[in-house]
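Fold the following, please.
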Amino acid sequence: MKISDPSASTKRAIAIGVVVIAASGIGYAWMQRAGGEDGLLRLYGNVDIREVQLAFRQPGRVAEMTFDEGEAVSAGTRMAALDAQPFRDALSAAEASTQVAQAELAKLRRGLRPQEITQAREALNQALAVAVDAERDYQRQSSLLVSGASSQRTVDGARAARDRSAAGVEAARAALSQASEGFRKEDIAAAEARLAAAQAAQAQAATALADTELLAPSDGTVIARVREVGSMVASQSAVYSLSLDKPVYVRAYVAEPDLGRIAPGAAVRVTNDSSDKVYRGRIGFISPRAEFTPKTVETADLRTDLVYRLRIVMDEADSDGALRQGMPVTIEVDAGAGSLAHAQGR
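Coordinates of the predicted model:
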């Protein structure tokens, strides 16, 4: 009967225990890399709030600065104003030019006054009377030439007077026709174009006057007051810097091995060190390329060091003003959120 060696059994048991411990350690390490035992992927980032540089579209002298740094403003609130008198004067001049153009166009469209048409008609009647008299004189002188009572020179003069009077009749008749028909269509079209140009100049002057008031584009907080009353500013020169209340974003980075666990639209929870409140949001953007340029020749280890930028859009219902520009935050994404978002996207 063969007796088994006790020391061999002990060695075998120790080896099995080492394998189990090693496997547990590998599994625990994988879970730690993936986000923790609770199945969450934890990312770290900073609050990113949009800022707007407010400026006048027109140059001028600052006449009013209503808000100071740190004050809240609502959309449409008047924040600053320029001295508007030069712009009001320009608008008055443009309005006067428009009125002149309108009067000229109305004159051309209406044509000549009735009195002017009557005058042209009477001028034609006068020319006809002169022509009849000239024709009679010519006929009389022609008959006297046969009997020798008139000379050829006198007849020639009567003929010329008759022709001149006939031409005068045609000229008077044309003048009456022109007065009756009114001005040419081309003249009216030119007057319409001049009126359109005057109206455009008036609208431009009105816009310039409206631009002397600087209005808040949306709700926000003044973070910088750049100019003061009395300052001369050029167009597009910033006078306020405004931090927008909405939307609020969070900028974070995800490691390349965890990239498959997230997707646009995935819900997240955001916390910060200053309070216990949990904010809700969704992943709105994931950069399609690595934030840092990899080496030309890379190993598998180097690939795991790549990170991708993502942007989280915070839920407006949770907005309470506590999330401030640059504040560090912690982002938690449920395990499998990436796969679920991909499936919903399909």
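
and the longest strand seen in the chain, how far out from the chain's middle?
Of all segments of type strand in the chain, defined using DSSP state E, the longest is strand 238-255. With Cα atoms, centre = their mean, to the nearest Å as the basis, strand 238-255 stands 21 Å off its chain's centre.

tell me what it is packed against?
Counting contacts by 3 or more Cβ pairs under 8 Å, 6 or more residues apart in numbering; DSSP states H and E, strand 238-255 is packed against strand 40-55, strand 78-82, strand 220-225, strand 279-286, strand 307-314, strand 328-334. For the C-beta atoms, the positions are set from N, CA and C on the backbone; glycine is no exception.

Point out the one among those strands that comes closest to residue 240.
Between residue 240 and the helices and strands packed on strand 238-255, the shortest gap by Cβ to Cβ is with strand 40-55, which sits at 4.2 Å.

Now do the contacts for residue 287.
Taking Cβ atoms under 8 Å, 6 or more residues apart in numbering as the criterion, residue 287 is in contact with 308-310.

Out of these, give me the one that has the most neighbours.
Counting neighbours by other Cβ atoms under 10 Å, residue 310 leads these with 23 neighbours.

Let me see the confidence value for that one.
pLDDT recorded at residue 310 is 88.

Can you give me the distance of it to residue 127?
Noted for residue 310: a distance of 93 Å to residue 127, by Cβ to Cβ, to the nearest Å.

average pLDDT for the longest strand of the chain?
Rounded mean pLDDT across strand 238-255 is 90.

Can you tell me the strand partners of it and which way each runs?
strand 40-55 (antiparallel), strand 220-225 (antiparallel), strand 307-314 (antiparallel) (DSSP bridges).

buried sites along that strand?
Under the neighbour-count criterion of 16 or more other Cβ atoms under 10 Å, strand 238-255 has 239-245, 248-250, 252, 254 buried.

what's the farthest-apart pair in these?
239 and 254 (39.4 Å).

coming back round to it: right, so of the strands paired with strand 238-255, which gets closest to residue 146?
The closest of the strands paired with strand 238-255 to residue 146 is strand 40-55. By Cβ to Cβ, the value is 98.1 Å.

got the angle between whatever helix or strand comes next after the closest one and strand 78-82?
Counting by DSSP states H and E, the next helix or strand C-terminal to strand 40-55 is strand 60-65. With axes from the mean of the first three to the mean of the last three Cα atoms, to 10 degrees applied, the angle from strand 60-65 to strand 78-82 works out at 140 degrees.

how many neighbours does residue 214 have?
With other Cβ under 10 Å as criterion, residue 214 counts 22.

Do you know the pLDDT at it?
96.

Ok, residue 150 next?
For residue 150, the model assigns a pLDDT of 73.

Just give the nearest non-adjacent residue to residue 240, would you?
residue 54 (4.2 Å; Cβ to Cβ, 6 or more residues apart in numbering).

What separation do you get for the one you found and residue 275?
For residue 54, the distance to residue 275 - Cβ to Cβ - is 31 Å.

what's the answer for residue 69, then?
Taking Cβ to Cβ, one finds residue 69 at 24 Å from residue 275.

likewise residue 193?
Separation of residue 193 from residue 275 (Cβ to Cβ) stands at 66 Å.

a markdown table for the strands paired with strand 238-255, including distance to residue 100?
Converted to a markdown table, those look like this (distance: least, Cβ to Cβ, whole Å):
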| stretch | distance to residue 100 |
| --- | --- |
| strand 40-55 | 35 |
| strand 220-225 | 44 |
| strand 307-314 | 55 |
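
right, so the ones you listed: which one is the most enclosed?
Mean neighbour count (mean count of other Cβ atoms under 10 Å) peaks for strand 307-314 among these, with a mean of 20.

orientation of that one relative to strand 279-286 in degrees?
130 degrees.

who wins for proximity to residue 184 among the strands paired with strand 238-255?
strand 40-55 (49.0 Å).

Average pLDDT for the closest one, rounded please.
pLDDT averaged over strand 40-55 gives 90.

Quote the end-to-end distance of stretch 77-90.
26 Å (Cα to Cα, to the nearest Å).

got the contact list for it?
54, 56, 58, 60-67, 73, 205, 208-209, 212-216, 222, 227, 233, 239-240.

Can you give the domain ranges for this protein?
38-48+247-345, 52-84+211-241, 91-207 (automatic domain parsing).

Where among these is average confidence lowest?
When the domains of the chain are compared by mean pLDDT, domain 38-48+247-345 comes last with a mean of 78.

how close does residue 272 get to residue 143?
Residue 272 sits 124 Å away from residue 143, going by Cβ to Cβ.

Neighbour count: these two, which is higher?
Taking other Cβ under 10 Å, residue 272 and residue 143 do not tie; residue 272 has more neighbours (18 against 12).
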